[in-house]
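**Q** Sequence first, then the predicted structure:
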Amino acid sequence: MKQTFTCKLDGVDSVANVLAKSLKDGGIVLLQGDLAAGKTTLVKSLAKALHVKQSVTSPTFSIMQNYDDWLFHYDIYQTGTDGFLHQGLLEQLAQPGVHVVEWADEAFIKMLSGVGLDYIIVRITPTDDARYYEVEYA
């Protein structure tokens with residue numbers, strides 16, 4: 001199933017609220033989009049929708065941030081799927097909670113499928129004055 005949304009960046013809460021409803025029992029969300037597409041902004045809005053109290057920052061250098069032991073935020077831009085696996089983070093995805101992975105590529109998707117993990121893909125495309133979100137439930 002696919003859903004699409006187009007909204008200005010300040011309207012990202014509506015996308016996050018839809019995602020949060022799908023993630024009330026936890027799950028994995030894969031964010032795809034170019035630099036400055038709004039991936040971390042979406043994670044911040046999702047944290048708010050999930051009632052996470054901690055402030056969300058980009059885990060670009062730490063690779064993973066954990067918020068309220070429920071929201072796990074990964075950024076694999078620098079390490080890719082191989083780095084994610086090398087650091088033993090695959091097992092982390094089995095922990096209860098919501099796991100959001102920025103920069104998940106086809107290799108990451110193939111890995112998740114290979115171990116039988118379900119996921120949601122969110123593709124973010126900036127337009128002149130808004131963002132286009134394509135949400136695919138795999």
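**A** Sure thing, it's come through. As the structure is a computational prediction, the values presented were derived from the model and not from experiment. Numbering: from 1, shown residues only.
**Q** nearest spatial neighbour of the residue most central in space within the chain, skipping sequence neighbours?
**A** To find the centre residue of the chain, average its C-alpha atoms and take the closest one (C-alpha atoms, centre = their mean): that gives Val100, at 3.1 Å. Taking C-beta to C-beta, 6 or more residues apart in numbering, and ignoring the residues beside it in sequence, Val100 has Val29 as its nearest neighbour in space, at 4.6 Å. To be clear about C-beta, it is placed using only N, CA and C from the backbone, and glycine gets the same treatment.
**Q** Quickly find the element holding the residue nearest to the centre of the chain.
**A** The secondary structure element spanning Val100 is strand 98-102 (assigned by DSSP states H and E).
**Q** Run through the neighbouring helices and strands of that strand.
**A** Strand 98-102 is packed against strand 27-32, helix 39-49, strand 71-75, with contacts defined by 3 or more C-beta pairs under 8 Å, 6 or more residues apart in numbering; DSSP states H and E.
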